[in-house]
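build the 3D model from these lines:
(chains A and B)
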Amino acid sequence: MSPEFILGIAIAGTLTGAVYGLMALGLSAIFGVMRVVNFAHGEMMVGGMYIAYLLYKTMGLDPIMMLPVAALGLFVVGYLLQRYLVNYFIEVPEHVQFLLLLAVAMVFTNAFLMIFGPDARGVQLPYAFDSYNVGPLVIDKVRLIAAVIAVLIAALLGLFFAKTRTGKAIRACADNLTGAQVVGLDVKHLYAVTFGLGAACVGAGGALMLLLVDVHPHLTTDYTLLGFIIVIIGGLGSLPGALLGGVLIGLSEAFAGFFLAASMKSMFAFGLLILVLLFRPNGLLGRGA
Amino acid sequence: MTLAVEGLDFHYGDAQALAGVEFTVPEGEIVAIIGANGAGKTSLIRAIAGMLKPSAGRIRYRDQDITGWPSHKVCEAGIGQVAEGRQIFPTLTVMENLETGAMIPRGRARFDANLARVLDLFPRLAERRRQAAGTLSGGEQQMLAIGRCLMGSPELIMFDEPSLGLSPAMAQEVFRIIRALHEQGLTVVLVEQNVALSLKLSDHAIVLENGRIAARGTGAELLADDRIRKAYLGL
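Purely as a prediction, here's the structure:
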């Protein structure tokens, strides 16, 4: 087995992992600001995939064009969900919040089943099998595009939080909710924007993921679980941590799929999770709980 | 009358924290609210600020009935607050903290002038503008809390225990600033554990006991009142 081959697998895993990272970024942002765990996250991811699929099917749009629509659509869903539903459950015990979002998740999954049926659906791209040769390495074009866009969106989100007025206001809410009310920030609106942004990230992640895998309604729980594993490994609430966790999971899946069997890839993801929980319970880039 | 509170009740669950509280704050005055821990001072401030929903009563500010308004609308109406425990944003920089104070429209409209005024009033904040606010000393954090409030162009500021946890020298400094702001025309509501000092500073004062107003008068009258002297001044 040549080192180039191993490196090739590592690159493919890293690129897929970047898209995982974008998905988890949304989960992490929502939790980091509101301490709400979005148990409907995988459902939103699949929602993004279906939006992209519909656009592709009806209008034949290139996936890169579908991404803003999926992101915008999910932003609206996330904003409304927070403003008119989750908002009333911010101060309830955690298990009540958990049940609420679980219910939302079930509604989504079953809506997908009703609308699209249980079959897997995918897109066929003209450049699906294109690749770049870098020396002895072969890099998938589709995977590279998806990863670059994912990292770009993550960077934009980081810039948004660091530089814009709304971004600073959201960080202020995360830092000190009482303080945010004292200075007159519209917390309900800012929470809804945060949920919308988190959902937009996962929607964009879904549109990108559709380039790599086919979509079916039961992917929802898989992605919710994957999202949790990633943010716990990376550190809940840490945006770079979500990306790092995504890449690590992408790598572990790629290697597990190659050396053992694709069906065993989850075992390694969970193994990684257990190791992190044992040795760094706040996650690799997490701050104190 | 700038601010008028009428028959205000507030409940924490079954416990009544405020009962029939009634007082007014005339334009340009300093009104002190004194009382023991748990008397309802902070509840009163937070009910006026829109952070707590009163169960009965009215709050009027200028010509508007602001009862039940959300806190961001109360701030926009011109009522600022320097809250108990300062409530700064520890991971945001000093500058970002000041910016958050100016996010309401009335603050945004006068951002540059307000920033210049705040940095002039608190040169320490200018020196530390890029530092995370959580790394400031207690006194500096209080300056930041006051500066952040001023960034919103308030016409009335409610100070809740502004000298709590500060050194005597720093507490003196905070009182000097409150007096200076008052002289510039701000109306002030002052909740303060240092009863002697706040009565000296204030035009009028109310005394809260178990959520009710137990006494009221000018600062000088209350300072001369035996009951107040015994209960709050240890004389």
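
in the stretch 51-200 of chain A, which spans are helices?
Assigned by DSSP state H, counting those that start in this stretch, the stretch 51-200 of chain A shows helices spanning A:63-84, A:94-116, A:141-163, A:165-175, A:177-182, A:187-209.

tell me which residues of the last one come out buried.
Burial within helix A:187-209, assessed by neighbour count using 16 or more other Cβ atoms under 10 Å in any protein chain shown, is assigned to A:187, A:190-209. In short, each C-beta sits where N, CA and C put it, glycine included.

after it, which helix or strand is next?
Going down the chain from helix A:187-209, the next helix or strand is helix A:219-234, by DSSP states H and E.

may I see the buried residues of the helix or strand just after that following helix?
Downstream of helix A:219-234, the next assigned helix or strand under DSSP H and E is helix A:239-259. Buried residues in helix A:239-259, counted by 16+ other Cβ under 10 Å: A:239-258.

equivalent analysis for stretch B:82-94, please.
Going by neighbour count (16+ other Cβ under 10 Å), the buried part of stretch B:82-94 is B:82, B:83, B:84, B:86, B:87, B:88, B:89, B:92, B:93, B:94.

any stretches of the chain with poor pLDDT?
Defaulting to chain A. Within chain A, the set of residues satisfying pLDDT under 70 comprises A:288-289.

actually, chain B is the one I wanted.
In chain B, residues with pLDDT under 70: B:235.

same thing but at 80, please
Applying pLDDT under 80 to chain B picks out residues B:1, B:233-235.

could you point out the longest helix of it?
Using DSSP state H to define each element, chain B has its longest helix at helix B:168-183.

quick check: buried residues in that helix?
Judged by neighbour count (16+ other Cβ under 10 Å), helix B:168-183 contains these buried residues: B:170, B:171, B:173, B:174, B:175, B:177, B:178, B:181, B:182.

now do the contacts for the last one.
Residues counted as contacts of residue B:182 (Cβ atoms under 8 Å, 6 or more residues apart in numbering or on different chains) are B:28, B:30, B:188.

helix/strand/coil for the first one?
So the one you mean is residue B:28. coil (DSSP: H, G, I helix; E, B strand; the rest coil).

residue numbers of chain A in contact with chain B?
Those residues of chain A that sit near chain B, judged by Cβ under 8 Å from any Cβ of the partner chain, are A:165, A:168-169, A:171-172, A:175-176, A:178-188.

near chain A, which residues of chain B?
Counting by Cβ under 8 Å from any Cβ, the positions of chain B adjacent to chain A are B:49-51, B:70-72, B:74-76, B:81, B:83, B:87-92, B:96-97, B:99-101, B:103-104, B:148-149, B:152.

out of the contacts of residue B:182, who's nearest chain A?
residue B:188 (16.2 Å; Cβ to the nearest Cβ).

and stretch B:44-58, end to end?
In stretch B:44-58, first residue to last residue: 12 Å (Cα to Cα, to the nearest Å).

quick one: buried residues of that stretch?
Residues B:44, B:45, B:46, B:47, B:48, B:49, B:50, B:51, B:52, B:54, B:57 are the ones in stretch B:44-58 that count as buried (16+ other Cβ under 10 Å).

determine which two of the residues you listed are furthest apart.
Farthest-apart pair in the buried residues of stretch B:44-58 is B:51 and B:57; separation 15.6 Å (Cβ to Cβ).

which residues touch residue 147?
Answering for chain A, as no chain was given. Here residue A:147 is in contact with A:14, A:15, A:16, A:18, A:19 (Cβ under 8 Å, 6+ apart).

wait, chain B was what I had in mind.
When contacts are taken as Cβ under 8 Å, 6+ apart, residue B:147 is in contact with B:98, B:101, B:118, B:119, B:121, B:122, B:125.

right, and the first one touches residue B:115 too?
Yes - under the contact definition of Cβ atoms under 8 Å, residue B:98 touches residue B:115, with a separation of 6.6 Å.

all helices of chain B, in order?
Counting by DSSP H, the helices of chain B are B:41-48, B:71-77, B:94-101, B:105-108, B:111-121, B:123-127, B:138-150, B:168-183, B:195-201, B:219-224, B:226-233.

what's the closest non-adjacent residue to residue A:39?
Nearest residue to residue A:39 in three dimensions, chain neighbours excluded: residue A:101, at 3.8 Å (Cβ to Cβ, 6 or more residues apart in numbering or on different chains).

and what of residue A:51?
residue A:70 (4.4 Å).

how far away is the one residue in chain A that gets nearest to chain B from residue B:103?
Closest approach between chain A and chain B, counting by Cβ to the nearest Cβ: residue A:184, at 2.8 Å. Noted for residue A:184: a distance of 7 Å to residue B:103, by Cβ to Cβ, to the nearest Å.
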